[in-house]
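**Student:** using only what follows, build the 3D model:
(one chain, ligands or ions: 2)
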Amino acid sequence: MKDILNAPFLVEMVRTTANMYQHGWDERNGGNLSLRLSEAEMSEYLDLKQVLREIPTGFDAPALDGMYFLVTGTGKYFKNVQYDPARNLGLIRITDSGRTAQLLWGYSDGGKFTSELPAHLMSHAARLQVNPENKVVMHCHPANLLAMTYVHNLDSRAFTRTLWQMCTECIVVFPDGVNVLPWMLCGTNEIGVATAEQMGTARLVVWAQHGIYGAGADLDETFGLIETAEKAAEIYMKIAHLPRLNTITGNQMRQLAEHFHVVPREGFLV
Ligand code: 13P
Ligand code: ZN
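**Tutor:** Ligands and ions are numbered 1, 2, ... in the order given. The predicted structure follows:
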């Protein structure tokens, strides 16, 4: 067997968690990340018949039975993943209609997956219905998006329109917009269900006064989505208290959508 620490998926996961930490999105144990893997990409690195532990998930996710995920551990610091991936990450196979996670590698100190596993797995299931290529769910606490949820209307359409107006490329990067959930108790099945429901119509879901979830086909794309929304929120927080002399108009956004061949979320531009 080859050393799993050299597996491209593991190297990229480690780089991404380090990068998220460096962006200031993941203080202490803040944030969590899950990456769906295929048997083919793991077979050189792991004996998939060797189950180290079985961990109950506490919820059903029948659509994910037999799927594999590399997931950050609960209580683990993103800044430390690069120094000890086996302690801070775990590779699980979902079985038993989603009720059990079989640990195949990682959580080496006896730990377990993130407390936000319900939001991650339910979001994976929701996004897979929209895009069978979806592989990543990313959660973090970027300061400007969070700040914006204290001073901006939390209606998803209004929130999206403001972000779209803050940088020319926003509507091109996330034409599906951003859905916003009001404050809810985190780490619960309820917030998982609510997040997954919002993931049906957008790849970005803001948790008011907490953070953001992003979903995408790979780690880079998902990172870039959150990076772009956070940049837009940063600009909003720089200008919100100043007189606005100029903006990006609806007509200009329509031109962008046409030129870059994207379809803005129905009803959000009008
Ligand atoms: P975990 O340490 O359980 O991943 O929780 C961090 C977090 O951001 C909760 O929303
Ligand atoms: Zn969080």
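**Student:** name the SS class of Ala194, please.
**Tutor:** helix (DSSP: H, G, I helix; E, B strand; the rest coil).
**Student:** pull the contacting residues for it.
**Tutor:** By Cβ atoms under 8 Å, 6 or more residues apart in numbering, the contact set of Ala194 is 181, 184. Any C-beta I mention is one placed from the backbone N, CA and C, and that applies to glycine too.
**Student:** secondary structure element holding the residue nearest to the spatial centre of the chain?
**Tutor:** The centre of the chain sits closest to Met138, judged by Cα atoms, centre = their mean, with a distance of 2.1 Å. Per DSSP states H and E: Met138 is located in strand 136-140.
**Student:** quick one: list the elements packing against the helix or strand just after that strand.
**Tutor:** Of the helices and strands lying after strand 136-140 in sequence (DSSP H and E), the nearest is helix 143-151. Where contact means 3 or more Cβ pairs under 8 Å, 6 or more residues apart in numbering; DSSP states H and E, helix 143-151 is packed against strand 211-216, helix 219-239.
**Student:** avg pLDDT for helix 143-151?
**Tutor:** Helix 143-151 comes out with an average pLDDT of 98.
**Student:** and the contacts of it?
**Tutor:** Under the criterion Cβ under 8 Å, 6+ apart, residues 24, 159, 162, 180, 206, 208-212, 229-230, 233-234, 236-237, 240 lie in contact with helix 143-151.
**Student:** tell me the buried residues in it?
**Tutor:** 143-149 (16 or more other Cβ atoms under 10 Å).
**Student:** cool, and stretch 213-232?
**Tutor:** 213-216, 218-219, 221-223, 225-232.
**Student:** contact residues of the stretch 101-250 of the chain facing ligand 1?
**Tutor:** 114-116, 186-187 (Cβ under 6 Å from any ligand atom).
**Student:** now do the strands in this protein.
**Tutor:** Counting by DSSP state E, the chain has strands at residues 32-37, 53-56, 68-72, 89-95, 100-106, 136-140, 178-181, 204-207, 211-216.
**Student:** of the residues of the stretch 101-250 of the chain next to ligand 1, buried ones?
**Tutor:** Buried among those by 16+ other Cβ under 10 Å: 114, 116.
**Student:** tell me who's in contact with the residue nearest to Gly75 when sequence neighbours are not counted.
**Tutor:** Nearest in space to Gly75, with sequence neighbours left out and distances taken as Cβ to Cβ, 6 or more residues apart in numbering, is Asn29 at 5.0 Å. By Cβ under 8 Å, 6+ apart, Asn29 lies in contact with 74-78.
**Student:** which one of these has the most neighbours?
**Tutor:** Greatest neighbour count in these, by other Cβ atoms under 10 Å, goes to Phe78: 26 neighbours.
**Student:** quick one: contacts for that residue?
**Tutor:** Neighbouring residues of Phe78 by Cβ under 8 Å, 6+ apart: 17-18, 20-21, 26, 29-31, 72.
**Student:** and if we set it to 7 Å?
**Tutor:** 17, 20-21, 26, 31 (Cβ atoms under 7 Å, 6 or more residues apart in numbering).
**Student:** picking that back up, the contacts of Asn29 in helices, which ones?
**Tutor:** Phe78 (DSSP state H).
**Student:** quick one: contacts of stretch 101-117?
**Tutor:** 4, 32, 46, 48, 50-55, 57, 71-76, 86-87, 89-95, 120, 139, 186-187.
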